[in-house]
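*Asks:* With the input below, show me the fold.
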Amino acid sequence: MAKGKGKLILICQSGGEFVTKDDGTLSYDGGEANAVNVNFETLFDDLKLKLAEMCNLQYKTMSIKYFLPENRRTLISLKNDKDLKRMIDFHGDSVTADIFLIGKEGFDHDTLNILASRETGIKHAETIQRVVVSPTTSANLSPAKRTSVAVDTIAAPTESPGPKHSSDHAADYNANYVLKSAKLLAGVKSAAVKKFQPSKKLIQVGVEDTSTISRNPTEIDMSASPADTVKKRRRNASNIIANAATIVAETDYAGKKRSQKKSKQSCSTSAVADGTLAKQELCPNEDHLDDISVEKQVSSWRDGITGVGQGFKSVREFRDTLQKYAIAHRFGYKFKKNDTTRATGKCVVDGCSWKIHAAWVAADESFKIKTLNNLHTCGEQSWKSAHPKKNWLVSVIKGRLKDSPSQKPKEIANAIFQDFGMELNYAQVWRGITDAKEELQGSYKDSYNHLPWLCEKIVETNPSSVVNLKTDDNRRFQSLFVSFSASINGFQKGCRPILFLETTSLRSKFQETLLLAIAVDGNDGFFPVAFAIVDIENEGNWRWFLEQLKLAISTSQSITFVSDRDKNLKKDVLEVFENANYGYSVYHLMESFKKNLKGPFNGDGKYSLPVNLLAAARSLRLIGFNKHTQQIKQISSQAYDWVMQIEPEYWTSYSFKGEHYNNFTQNVAESYTILMEDMRELPITRKIEALIRTISDQTNTTRVDLNKLSTKLTPVKEKELQEESLKARALKVLISSDNIFEVRDNFSHVVNIVKEECSCLGWREDGIPCCHAIAVFSSIGKDPYDYCSKYFTVDRFRLAYPESISPIVGVGKGVVNEEGDSIVNVLPPRPSRSLKREKKKEQRELKRANKKTVTCTRCKEAGHNKASCKAELPV
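*Replies:* Numbering: from 1, shown residues only. Purely as a prediction, here's the structure:
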């Protein structure tokens, strides 16, 4: 994000399609482009609503994608506030960022009215500014050109537009005006109003006194300050539900806890009045809220209780109706008697006259109201003690989470207050969210019991795959290993012999860890070979993962393993894989280096140190390594000491014996970290399903792209070879013998075509002939493609993706026996606190064992020092 501006311009592209180029990158062709400004205070829901309206897309079906900087291969999804802030962080040094909108056409203005009527829908709406982009603007504009868009040219509408058809509304937005940020409008009291006419030139416009602009109550007031907007919304809410109320159930969230069986609440109530059944919609579920507004819904509850003689199908139906009736009439009650045959309720305020009694009438087969005193003498004091019933609150929260899964407890509490006049504390809403998510996504604890079924399903849909589930003696989950047959065959036949050992958190309350073994294909793409989920990351689980990996890939080929140096995996890797090579991850080495940097710094300063470290790692000769480490020493002697204590044979190109990997400096596990963050609320089986689907989609996409390739080498390597070929044109070749040649540019280089090496060492390092070798091939009529590494050919690339990986269908179904009872096979891991305590205990014991023994310099005895020595020495 450009410093000083504090905002990022999003170039919003829609209506086009993605096209894969020859080098494997994606481009976006066709469609139209618009732009908005966002900052760190922008809420994702507000942004999504604005974009859906602006581009005339359905709010519920629209998805938002973007690319990471310098990565046009993988699209990242934008789903919540954390994703939005993360995207802004990723583009910290940019003025603009591309986002791509995918969804069905046709914006639903009922969605706008519902969402705009909530506080959460307008809380930070002032941080989103609409920027009109000329229709002639291409989706492929350079960043420099995009910065010239009229971002700060803001106009306000002369009047608030009423409800329109989606096409008319979109046309107004695209041609007539741009919304001004509320923060910028605050303090502007008067100015001339002008319409914004589409033009290539910048048009300066003014804003009139905002107090004179009439607005529809359901529209977002973009000219008010955040505080004024909230106050106005609360006043409107009070008027809308002036006589609304909440209900008290003394055994629910606010009172003492009571265990009860969960039952599915009916979504409709049939009321019996004078012997006639009248159907009445009372359940505030998500489907019903899509059809009518909350205000109309609450209003419909006011007539739920009509009087003595009214009948219901069951006591549950009576309770539901009474609950909503109490909300609509703004009072609280409690049950004195409450069972399947009778229910007696009274006002929560002692001495109040309100009372109701209903009982089951067998002759009529209905639950009828016997007595009703509908007069309150408490002066609405019961409202202060009112609390919602659990089932009702969970139902309301479920509907909100379906529309916006990332809503926070405070946001939901504010929205419920706006819609129903109910004041809830944080704990009430938090427990309601927990229960609602469990109903929507399934129980996190119970999902472990589905793991045996999931393992069988993986092998069933992907035969010959290796799956191993491990539990302890108490049937608690310990680890799960998965390696698909397609991944095993692809690694053995088509990938370079490199495996990155990575780890990331599973983002669950049990704090499991995801272990990954990721290879590299011929196009420098990451190829997942195996993954494991373990209860805790420690040496034992890493050893188990490596042993399972060896059984899965079962190859005699020498493999180069790369991992974080701080994980201390070298010993286990070399013991499990006897003929393997091991190296330290350059990415993790750089990150650890940055964390350990401490001043003072001289010369070029702190920020040049990582550059010199990377140059030292990639140096092909010892003299180059020494040159860059000496530059580090001149800046910081402490940094130099840190670098020199790392064994060079495990991370430098000049001394490393295995397959070279130092060109990979990115976080190999980054996409999986983002995936787990997005799926953090889901149970473990759903996370595994998402992980498998991600791997499957990646494999299938690459297989489709392979059919479009017509070159001999993969796109990335073909580009590298062509770049070297251009350099070779200016070189002079001298023949020394049939196999050895001298090539001159500014220096003299010796090329041996039999040994496939050049004195520049570039050929050996990259696996692609260097410019000197290509110059020799041109002079003697040989084809450079014949001397490229076999791993970089398209034929070898295809062997890495010979078959697809089938995703798992039906995850989340219960595991039951023939009698219908639930089968308990696997329990969740032990609570993370006990594991942490054990780990800290081990660390304390290790520290105690390694503690240096104090020796007295006076008497030479151990256990004390000279100051506390009491020994009597001979005179």
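
*Asks:* so who does N612 touch?
*Replies:* For N612, the contacting residues are 628-629, 631-632, 635, by Cβ atoms under 8 Å, 6 or more residues apart in numbering. Using the backbone N, CA and C atoms, a C-beta is placed for each residue, glycine as well.

*Asks:* Go again with 6 Å.
*Replies:* If a contact means Cβ atoms under 6 Å, 6 or more residues apart in numbering, then N612 has 628, 631-632 as its contacts.

*Asks:* Mind putting these into TSV with pLDDT?
*Replies:* Below are these laid out as TSV (pLDDT from 0 to 100):
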residue	pLDDT
H628	93
Q631	92
I632	91
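
*Asks:* most neighbours, which of those?
*Replies:* I632 (26 neighbours; other Cβ atoms under 10 Å).

*Asks:* Only the buried residues of stretch 599-607, if you could.
*Replies:* F601 (16 or more other Cβ atoms under 10 Å).

*Asks:* Contacts made by it with the rest, please.
*Replies:* 634-636.

*Asks:* Please, where are all the helices along the stretch 251-400 of the chain?
*Replies:* For the stretch 251-400 of the chain, helices defined by DSSP state H, counting those that start in this stretch occupy the ranges 286-291, 294-300, 315-329, 390-403.

*Asks:* Of those helices, which is nearest C859?
*Replies:* Checking these against C859 by Cβ to Cβ gives helix 390-403 as the closest, at 72.3 Å.

*Asks:* Next SSE downstream of that closest one?
*Replies:* helix 409-420 (DSSP states H and E).

*Asks:* Tell me where the protein is predicted with low confidence.
*Replies:* Residue ranges of the chain with pLDDT under 70: 1-6, 109-293, 382, 384-387, 421, 812-824, 831-853, 875.

*Asks:* Next, name the residue at the spatial heart of it.
*Replies:* D678 (2.8 Å; Cα atoms, centre = their mean).

*Asks:* Now do the contacts for that residue.
*Replies:* K79.

*Asks:* how far away is it from L691?
*Replies:* 11 Å (Cβ to Cβ, to the nearest Å).

*Asks:* for the protein, what's the longest helix?
*Replies:* Counting by DSSP state H, the longest helix found in the chain is helix 684-706.

*Asks:* the helices in the stretch 1-150 of the chain, which residues?
*Replies:* Counting by DSSP H, counting those that start in this stretch, the helices of the stretch 1-150 of the chain are 44-54, 81-90, 109-116, 119-122, 143-146.

*Asks:* Can you lay out the helices of the stretch 251-400 of the chain as CSV showing distance to L622?
*Replies:* Below are the helices of the stretch 251-400 of the chain laid out as CSV (distance: least, Cβ to Cβ, whole Å):
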stretch, distance to L622
helix 286-291, 67
helix 294-300, 73
helix 315-329, 79
helix 390-403, 60
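
*Asks:* returning to what we had before: now the longest helix of the chain: buried residues?
*Replies:* Here helix 684-706 shows 684-692, 694-696, 698-699, 702-703, 705 as buried, counting by 16+ other Cβ under 10 Å.

*Asks:* ok, now stretch 612-632?
*Replies:* Those would be 612-620, 624-625, 628-629, 631-632, for stretch 612-632 by 16+ other Cβ under 10 Å.

*Asks:* Show the end-to-end separation of it, please.
*Replies:* Across its full length, stretch 612-632 reaches 7 Å between end residues, using Cα to Cα, to the nearest Å.

*Asks:* Then stretch 76-95?
*Replies:* Stretch 76-95 has an end-to-end distance of 19 Å (criterion: Cα to Cα).

*Asks:* Residue numbering should commence at 439 henceforth.
*Replies:* OK, 439 is where the count begins now, so the last one is stretch 514-533.

*Asks:* Just give the number of residues close to E876.
*Replies:* As a burial measure, E876 scores 16 neighbours (other Cβ under 10 Å).

*Asks:* is it true that it lies in a helix?
*Replies:* Yes. Under DSSP: H, G, I helix; E, B strand; the rest coil, E876 falls within a helix.

*Asks:* contact partners of the longest helix of the chain?
*Replies:* The contact list for helix 1122-1144, computed with Cβ under 6 Å, 6+ apart, reads 458, 885, 888, 892, 966, 1113, 1117, 1236, 1239, 1242-1243, 1245-1246, 1249.

*Asks:* Format those as JSON lines; extra columns: distance to C1208.
*Replies:* Below are the contacts of helix 1122-1144 laid out as JSON lines (distance: Cβ to Cβ, whole Å):
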{"residue": "T458", "distance to C1208": "29"}
{"residue": "S885", "distance to C1208": "54"}
{"residue": "H888", "distance to C1208": "54"}
{"residue": "L892", "distance to C1208": "49"}
{"residue": "P966", "distance to C1208": "32"}
{"residue": "L1113", "distance to C1208": "38"}
{"residue": "M1117", "distance to C1208": "45"}
{"residue": "R1236", "distance to C1208": "27"}
{"residue": "Y1239", "distance to C1208": "29"}
{"residue": "S1242", "distance to C1208": "37"}
{"residue": "I1243", "distance to C1208": "37"}
{"residue": "P1245", "distance to C1208": "43"}
{"residue": "I1246", "distance to C1208": "47"}
{"residue": "V1249", "distance to C1208": "50"}
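
*Asks:* Narrow these to those that are buried.
*Replies:* So, by 16+ other Cβ under 10 Å, the buried ones in the contacts of helix 1122-1144 are 458, 885, 888, 892, 966, 1113, 1117, 1236, 1239, 1243, 1245-1246, 1249.

*Asks:* Pick out whichever of those residues sits closest to E861.
*Replies:* M1117 (32.9 Å).

*Asks:* Check the gap between that closest one and K875 for me.
*Replies:* Plainly put, M1117 is 13 Å away from K875 if you go by Cβ to Cβ.

*Asks:* Can you give me the neighbour number for T534?
*Replies:* Close neighbours of T534, defined as other Cβ under 10 Å, add up to 20.

*Asks:* That one contacts I447, correct?
*Replies:* Yes. Between T534 and I447 there is a contact under Cβ atoms under 6 Å: 4.5 Å.
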